[in-house]
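Chemist: Fold the following.
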Amino acid sequence: MFWLIIGIIMLAFIVTYFAIPGGRLWKQYLSDVKTSLAVTNIQESTQRIFTEDSVARLPALLRQHIVNGGYMGKPIMDNMLITFHNTKFRMSAGKKPINIKFMQVNFAARPDRHAFLMGRIAGIPLQAKDSILDGYGSMTGVLAKQFQLFCSTGAEMDQGQLITALADAVYMPSLFLQKYVLWETINDRMIEGEITWKSVSAKGRFTFDEEGHIIRFDTNDRYMDENGKGTSLVPWYVTYSNYKAQNGFVQPGEVSVNWALADGDDTYFVSDRIEIQYSITDF
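Modeler: All right, here's what the predicted structure looks like:
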């Protein structure tokens with residue numbers, strides 16, 4: 001009976017521990033976001049409103065995307081908190097997708113980006129932090145809030161996280177205005193952006209529909225982990241669809257993130273309910 005009681009108590013403790021949000025990775029995530037907030041909040045934008053003058057140097061396709069989104073005459077955002085609801089995520093090709101909670105904070109004055117994933121594998125909490133902080137990229141995964149599954153850093157991660165920040169600018173067009181991004185028009189439906197920070201550069205192409213909405217982003221500058229056997233550059237793309245009015249803007253209501261593999265595309269992230277808050281000052 002004694003050991004049964006002890007077992008029940010331990011089980012209750014484990015269940016409670018798993019149910020309580022937080023953990024060391026979450027604390028590190030909060031610290032990273034606050035660091036970016038502290039730095040970028042003192043870097044005041046020289047132009048606080050989207051105007052014809054402020055977007056004049058952009059390619060016509062990007063200007064149309066900003067107009068379509070209803071950003072003209074609105075404040076130029078310093079950052080955004082974006083929460084992806086109803087989201088499915090796959091750890092690697094062939095794995096069954098899991099339901100996750102996913103949120104991220106992006107910045108414009110410098111291309112910082114901090115994403116956090118929460119899910120469960122066989123009932124055990126899974127957490128992952130996906131960040132670029134002043135040019136240094138990292139990706140860390142933790143199981144049961146304690147056991148590190150992976151931790152990736154280095155030049156390849158710096159480049160991959162930087163190009164992801166450019167792809168996210170579909171929802172935060174103030175990044176399009178930054179001097180660290182250069183543009184080239186490819187044709188009447190496509191432009192290429194080159195983003196550079198601290199001597200690291202990456203390129204990606206935005207594709208637009210006939211109404212001027214961004215519907216796809218492609219890059220060859222993102223590395224894919226090959227199940228612990230190293231990394232390699234693999235074509236990576238994001239699709240944006242179901243544009244709709246939300247929070248005073250017209251934005252994509254659905255997004256999917258994909259690897260273009262030799263034996264078929266791997267769609268590993270899908271969300272169809274997206275919530276955005278601009279220019280947060282605390283977190």
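
Chemist: list the buried ones in the helix or strand where residue 29 lies?
Modeler: If you go by DSSP states H and E, residue 29 is part of helix 24-40. For helix 24-40, burial by neighbour count (16 or more other C-beta atoms under 10 Å) applies to 25, 26, 28, 29, 32, 33, 36, 37, 40. Every residue, glycine included, has its C-beta placed from N, CA and C.

Chemist: So which elements touch it?
Modeler: strand 79-89, strand 98-107, strand 113-121, strand 124-133, strand 136-143 (3 or more C-beta pairs under 8 Å, 6 or more residues apart in numbering; DSSP states H and E).

Chemist: Tell me which of those strands sits nearest to residue 51.
Modeler: strand 79-89 (20.0 Å; C-beta to C-beta).

Chemist: The closest one pairs with which strands, and in what direction?
Modeler: In the sheet, strand 79-89 lines up against strand 98-107 (antiparallel), strand 264-278 (antiparallel) (DSSP bridges).

Chemist: could you give the angle of that strand to helix 24-40?
Modeler: 150 degrees (axes from the mean of the first three to the mean of the last three C-alpha atoms, to 10 degrees).

Chemist: Wasn't residue 221 part of a strand?
Modeler: No. With DSSP: H, G, I helix; E, B strand; the rest coil as the criterion, residue 221 is coil rather than part of a strand.

Chemist: hang on, it packs against residue 200?
Modeler: No. Using C-beta atoms under 8 Å, residue 221 is not in contact with residue 200; the gap is 10.0 Å.

Chemist: any residues in contact with both of the two?
Modeler: residue 159 (C-beta atoms under 8 Å, 6 or more residues apart in numbering).

Chemist: what residues are up against residue 142?
Modeler: 23, 24, 25, 126, 127, 128, 148, 149.

Chemist: let me redo that: residue 184
Modeler: Residue 184 touches 59, 191, 192, 193, 194, counting by C-beta under 8 Å, 6+ apart.

Chemist: which one of those is nearest residue 83?
Modeler: Among these, and counting by C-beta to C-beta, the member closest to residue 83 is residue 193, at 25.0 Å.

Chemist: Give me the three-state assignment for the closest one.
Modeler: Strictly by three-state DSSP, residue 193 counts as strand.

Chemist: Same question for residue 52.
Modeler: Going by three-state DSSP: residue 52 is coil.

Chemist: number of nearby residues for it?
Modeler: Counted with other C-beta atoms under 10 Å, residues neighbouring residue 52 total 9.

Chemist: ok, now how distant is it from residue 67?
Modeler: 10 Å (C-beta to C-beta, to the nearest Å).

Chemist: what's stretch 151-160 in contact with?
Modeler: Taking C-beta under 8 Å, 6+ apart as the rule, stretch 151-160 contacts 132, 135-141, 200-202, 221-223, 225, 231.

Chemist: dump the residue contacts of residue 24.
Modeler: 142, 145, 146 are the contacts of residue 24 under C-beta under 8 Å, 6+ apart.

Chemist: likewise residue 240?
Modeler: 170, 213, 214, 215, 216, 217, 252, 254, 255 are the contacts of residue 240 under C-beta under 8 Å, 6+ apart.

Chemist: which parts of stretch 255-262 are buried?
Modeler: Buried residues in stretch 255-262 (16+ other C-beta under 10 Å): 255, 256, 257, 258, 259.

Chemist: now swap in stretch 204-214 and tell me
Modeler: So for stretch 204-214, counting by 16+ other C-beta under 10 Å, buried means 204, 205, 206, 207, 208, 212, 213, 214.

Chemist: Quick check: residue 150 touching residue 140?
Modeler: Yes. Using C-beta under 8 Å, residue 150 is in contact with residue 140, at 6.9 Å.

Chemist: Those two: which is more packed in?
Modeler: residue 140 (18 against 11).

Chemist: dump the residue contacts of that one.
Modeler: Residues in contact with residue 140 (C-beta under 8 Å, 6+ apart) are 25, 28, 128, 129, 148, 150, 151, 152.

Chemist: Between the residues you listed, which sits nearest residue 113?
Modeler: residue 129 (11.1 Å).

Chemist: how deep is the closest one tucked in, by neighbour count?
Modeler: The number of residues near residue 129, taken as other C-beta under 10 Å, comes to 19.

Chemist: What's the separation between it and residue 100?
Modeler: For residue 129, the distance to residue 100 - C-beta to C-beta - is 13 Å.

Chemist: hey, what's in contact with both of the two?
Modeler: residue 117.
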